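Participant: return a 3D structure for these sequence lines:
(chains A and B)
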There are 2 protein chains.
Amino acid sequence: MSQRVSAKTDQFSSSDSNRQARPLKHAKRATLGGPLKLELGGSLPAVTVVYETYGRLNAARDNAVFICHAISGDSHVARHDENDDPGWWEVLVGPGKPVDTDRYFVICPNVLGGCRGTTGPGSINPDTGKRYGTSFPVVTVGDMVEVQRQLLDSLGVERLRAVVGGSLGGHMALTWATRFPDRVAGTVALATSARLTSQALAFDVVGRNAILQDPAYKAGRYYENAGRPAVGLAIARMLGHITYLSREAMMQKFDGDRRNAREIHTQFETKFSIGSYLAYQGDRFVERFDANSYLTLTMAIDLFDLGDTPEKLAEALARSTCRWLLVSYTSDWLFPPFQSQEIVNALTADDKPVSYCNVQSDCGHDAFLLPNQISTYGELVRSFLANLRTDDDASLSVPSHAAISNDGQGGDLPSSLSPPAPTSIFHDHRLDYETILDLIPPGASVLDLGCGTGGLLARLRDRGHQRLVGIEWDERAIVSCVDRGLDVVQADLNAGLDGFTDGQFDFVVLSQTLQTVLNVAQVLREMLRVGRCGIVSFPNVAYHKRRAELAEQGRAPRVHAEQGFQWHDTPYVRSLSIADFESFCREQGITIHDHIALDTAADVVIRENPNLNADVAVVVISRTC
Amino acid sequence: MSQRVSAKTDQFSSSDSNRQARPLKHAKRATLGGPLKLELGGSLPAVTVVYETYGRLNAARDNAVFICHAISGDSHVARHDENDDPGWWEVLVGPGKPVDTDRYFVICPNVLGGCRGTTGPGSINPDTGKRYGTSFPVVTVGDMVEVQRQLLDSLGVERLRAVVGGSLGGHMALTWATRFPDRVAGTVALATSARLTSQALAFDVVGRNAILQDPAYKAGRYYENAGRPAVGLAIARMLGHITYLSREAMMQKFDGDRRNAREIHTQFETKFSIGSYLAYQGDRFVERFDANSYLTLTMAIDLFDLGDTPEKLAEALARSTCRWLLVSYTSDWLFPPFQSQEIVNALTADDKPVSYCNVQSDCGHDAFLLPNQISTYGELVRSFLANLRTDDDASLSVPSHAAISNDGQGGDLPSSLSPPAPTSIFHDHRLDYETILDLIPPGASVLDLGCGTGGLLARLRDRGHQRLVGIEWDERAIVSCVDRGLDVVQADLNAGLDGFTDGQFDFVVLSQTLQTVLNVAQVLREMLRVGRCGIVSFPNVAYHKRRAELAEQGRAPRVHAEQGFQWHDTPYVRSLSIADFESFCREQGITIHDHIALDTAADVVIRENPNLNADVAVVVISRTC
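Facilitator: Below is the predicted model:
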């Protein structure tokens, strides 16, 4: 029975909506010199900002991390001490947490237009002595960030280690990075987008209509009345709540217990358990939130628009000079992953340093606030911050398109090399790995397709290469790459390389990955579109041992046996010989520049009859050079 | 400019919501003898049903097709003549259409509880002389179907060729099939479910709250007032509309033109084009729909529940004796495909004859009303109806678990057989195809995994087999199977065979499909769980020509060459020899009962050294027998 109760309690606890409007005990207040000129016209005579800080600004003044909250958050991002109320991002921010307040000086302000202390529609207009109400002007995310910049000035923080935000907070982070590029070393944007989908915007419209049509709304002049537009605001919040959860999460919470509604005192329908949950969330929200602020903030979100085409988006992001970390969540349908990928694509196409992970989660949009996937996104944030310096500057000292010479590279390999540590199942062929390293001339820019945990890229960085990017599918491998300070983007190679422009890299590497790819022709086409040269290594099915397996034992060639796989469970879905690959290149008009055949078991380079004597081939290819 | 206008016009045309409440010129009226006892208690003193009919009932009285409409539909499913207003399912119903009114006698009634003539909350209660309003009792989908049954009695139609419905109409179709099994030969359920997801239910709750809290609602007694709860109903409709569209469809309609809102006269927000669209839809709906009916019908949908576990669902469906066709749409997130699959799984597990297709579509839930995918779902409906007879009875005359003898089957194959017509790329090995046919004893039940267009199953049917089911992934192949009158279920073999019970079939066939499957071990495990015996045919990589390709030419063995594929584009992702398969079976504890090796090029059965001399193996396996 107690279990039952706790299950029910759990149904009603939510990411951030369950808190009453508690006093912000540790909040500080800054009054900015007015007037604040607004982006869409009009101005505010004076602006007050309420904010909280955690940790200490160090002597170098380079450890400040700025947190931007989402629509219903506030400055109380985390508790200040053990007796304090928990904050809305307790999982991420605090001593020893990913945003470590022992290490960073964390600043979190309440947003312009909100209702938690910073100037908003419920504030007194100093010019009139009355609350703004609907005379509060339309504010944009840009206006919110401008206020935050002035706050930062008043705190004497010139440059931020990072700006971190999710959802609307992500919109602010994107705006920081593009409006004030010289003040941001790193940007972390979680569960966000360059603009809402029309679907998400539609939900906001319906929510606003519910508020605006509530008779108690009285054209926004309800502050003096006994009644407030509680019905409209609660309905807007119920609707919002549905969009924050995934279908899977709602199934888990409510499907098995549909008719067992909680008895609560509410004017709303409580026939079904999901109904009593929504009614509860709606009623609690009304207690702590102002309808005019809800209208103001949703409109700012709806108007946020970094561009509706890849070109416009790239243009908007071009001004940024920070390092980037983007995170989306697979079940987030309000800010769906493809929207983060659009931002990532615009950044990679513009040679901006970015890492990206689409975290596997069934928690929907709320995932960025919840502990469930913190071991992934928390570690990504922790590593990303740790690898930043405030003097970081993404503009590269070595141009990524620097001309390099391709002739003779790798022609005289040493016959034995010390093996690097294996990094993934596709990177433990020590000899082909070293061969690839030596084929890449100093200073070349490299895109590594299927980079695993970043072994090759880390070695290239150690050799002084600057523009290095990895593509990887495995979530844990991506966490390792970011931990190493590498730029890695989660993507499925089979889907192409849309995020990269023609000839963007000197080299694109496909190391022991070709045999795992279904769309071989497309992957190679994309590789040679994006790279001036490609380096492909693959196992040779015509190696004499493989031939013997088939010819003498009557078994399918065991190219995968060294990795412990068998014919029925190997990740290798393509089987090819060196001759097959050469023939394919001829058909496709691909030029083979260099061809290094290896016997990795014997640790030797093969020069005689490689199609018979080599178990691995490393081939340098291109379309043009 | 005219193009512009038409694009805008298109934005505002919708599946079924754009029509004013037009008079139903061809509607007929039936008054049923009361009182109608209701499922959840209470009764209605008398019930009037408004309906329309198309075509003629034939002399055998076996060509009646019953159409059930969704929440905002009515009896006007199609036009009656050229001058008539179009109906809501014009794409599906009419002369020469999939539900061919030249051939079938089509009946479509307005639903109980609605507002288009059949008794509902807006009707006059004969006991009081006043409108029911909120005194109208809670009605269920079962009550709606009971009214429909009484209508059918009054029309003298004993047995229906089919019941056809989508969404709520699908709920009614499911109810028909399970409540009145002896009256339904075929059931077509599109875009439906056994119960709503909690997410879909949540949207209904919010919509109802908007109506119930509208001050003009006046506890449902608004009929005598000047004002009606237009705001609440419009908001509920706006919300509904978002859920009927897919995110993709909304992107296509509104993303590029977000701020170009249509100027319409409305009290709702029209800042964004999606906002003016929703406002328009909301306002139009209010003109033709009654809020109390909306509450009544959404509650009936929300209460509909065939079971929240596979077991309960199977129990609910066990009474049905009809043939089934289920269709879902890939982008439908209101009635997501997995919910149709749950119904299909319950039916297949209970040996009910069912076909299922998850139609590729970006039109969301509305897809079942739109012309976009009519070439798939329309043809499925047309073929399904054409292959039904009213004397069809799904109870099999031959039990599917009939004991069969497995010894000696296929041991003495003729050395040459006439080739069947190729049906799919996996079915054009004529010899292994004939071999499989001859391995299956008369009367055996067969599940064909990767059945293509149904060539093997059709041949088995010609030989008198009764319980035959195909699994296929390709949409066009499924359309072909249904056209042939076969039962085929769309599913990905890699995901397992959840819809089938242990030992359900005498034989499960995997003909030239093993090599295309990633999860080989799981597929074989599932195959031998569901089937008493399995028959697997696959190309042998150790065939002497394949050995020569590798040994002499240094090329990857070309098992796929006959199908015109190369190493880089073949659908074959697994490469195995007969020896590999035998070894795998030993490891997995699978018994090989029979082993027929073929040289398909020479059209002969191989007895000497099959691993060298056969290009194709046909193997009979099991876990137990």
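
Participant: so what's A:Thr501 up against?
Facilitator: The contact partners of A:Thr501, by C-beta atoms under 8 Å, 6 or more residues apart in numbering or on different chains, come to A:349, A:530. (Glycine included, C-beta is placed from N, CA and C.)

Participant: repeat for the one 10 residues further on
Facilitator: For A:Ser511, the contacting residues are A:426-427, A:432-433, A:436, A:448, A:450, A:456, A:535-537, by C-beta under 8 Å, 6+ apart.

Participant: now with 6 Å, please.
Facilitator: A:Ser511 makes contact with A:436, A:537 under the criterion C-beta atoms under 6 Å, 6 or more residues apart in numbering or on different chains.

Participant: beta partners of it?
Facilitator: Taking DSSP bridges as the rule, A:Ser511 bridges to A:Ser537.

Participant: A:Gly207 and A:Ala236 touch, don't they?
Facilitator: Yes. With contact defined as C-beta atoms under 6 Å, A:Gly207 and A:Ala236 form a contacting pair (3.2 Å).

Participant: between these two, who's got more neighbours?
Facilitator: Neighbour comparison, A:Gly207 and A:Ala236: the larger count goes to A:Ala236, with 30 against 25 (by other C-beta atoms under 10 Å in any protein chain shown).

Participant: helices or strands up against the helix or strand harbouring that one?
Facilitator: Using DSSP states H and E, the element containing A:Ala236 is helix A:230-244. Helices and strands touching helix A:230-244, by 3 or more C-beta pairs under 6 Å, 6 or more residues apart in numbering or on different chains; DSSP states H and E, are helix A:198-212, helix A:273-288, helix B:198-212.

Participant: rerun that using 10 Å as the cut-off
Facilitator: helix A:198-212, helix A:273-288, helix A:291-303, helix B:198-212, helix B:230-244 (3 or more C-beta pairs under 10 Å, 6 or more residues apart in numbering or on different chains; DSSP states H and E).

Participant: of those helices, which is nearest B:Val508?
Facilitator: helix B:198-212 (35.3 Å; C-beta to C-beta).

Participant: quick revisit: okay if I get the helices and strands packed on helix A:230-244 as JSON lines plus distance to B:Thr513?
Facilitator: Formatted as JSON lines, these follow (distance: least, C-beta to C-beta, whole Å):
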{"stretch": "helix A:198-212", "distance to B:Thr513": "38"}
{"stretch": "helix A:273-288", "distance to B:Thr513": "42"}
{"stretch": "helix A:291-303", "distance to B:Thr513": "49"}
{"stretch": "helix B:198-212", "distance to B:Thr513": "36"}
{"stretch": "helix B:230-244", "distance to B:Thr513": "37"}
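
Participant: tell me the domain ranges of chain A?
Facilitator: With domains defined by automatic domain parsing, chain A comprises A:2-303, A:430-622.

Participant: including distance to A:Asp351, could those domains go into CSV?
Facilitator: Converted to CSV, these look like this (distance: least, C-beta to C-beta, whole Å):
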stretch, distance to A:Asp351
domain A:2-303, 15
domain A:430-622, 7
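
Participant: could you dump these to CSV with mean pLDDT?
Facilitator: Shown next, in CSV, are the domains of chain A (pLDDT from 0 to 100):
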stretch, mean pLDDT
domain A:2-303, 92
domain A:430-622, 94
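
Participant: B:Asp351: which of those domains is closest?
Facilitator: Distance to B:Asp351, taken as C-beta to C-beta, is lowest for domain A:2-303 among these, at 27.2 Å.

Participant: for the closest one, the distance to its chain's centre please.
Facilitator: 20 Å (C-alpha atoms, centre = their mean, to the nearest Å).

Participant: for the residue lying farthest from the centre of chain A, give its distance to B:Ala551.
Facilitator: Most distant residue from the mean C-alpha position of chain A: A:Glu552, 51.6 Å away (C-alpha atoms, centre = their mean). Distance, A:Glu552 to B:Ala551, using C-beta to C-beta, to the nearest Å: 9 Å.

Participant: one more: A:Gly166?
Facilitator: A:Gly166 is 59 Å from B:Ala551, by C-beta to C-beta.

Participant: looking at the two, which is more packed in?
Facilitator: Neighbours per residue, other C-beta under 10 Å: of A:Gly166 and B:Ala551, the larger number sits with A:Gly166, 30 against 19.

Participant: what bridges to that one?
Facilitator: Beta-bridge pairing of A:Gly166 under DSSP bridges involves A:Leu190.

Participant: what residues are up against it?
Facilitator: Residues in contact with A:Gly166 (C-beta atoms under 10 Å, 6 or more residues apart in numbering or on different chains) are A:67-70, A:73, A:89, A:92, A:172-173, A:188-192, A:327, A:329, A:335, A:365-369, A:377.

Participant: just the helices in the stretch 301-450 of chain A please.
Facilitator: Counting by DSSP state H, counting those that start in this stretch, the stretch 301-450 of chain A has helices at residues A:310-317, A:337-349, A:374-386, A:430-439.

Participant: so where do the strands sit in the stretch 501-625 of chain A?
Facilitator: Along the stretch 501-625 of chain A, the stretches classed as strands by DSSP state E, counting those that start in this stretch are A:505-511, A:531-539, A:591-599, A:604-606, A:616-622.

Participant: pick out the residue of the stretch 51-200 of chain A closest to chain B.
Facilitator: Taking C-beta to the nearest C-beta, chain B has its nearest neighbour within the stretch 51-200 of chain A at A:Ser198, 4.0 Å off.
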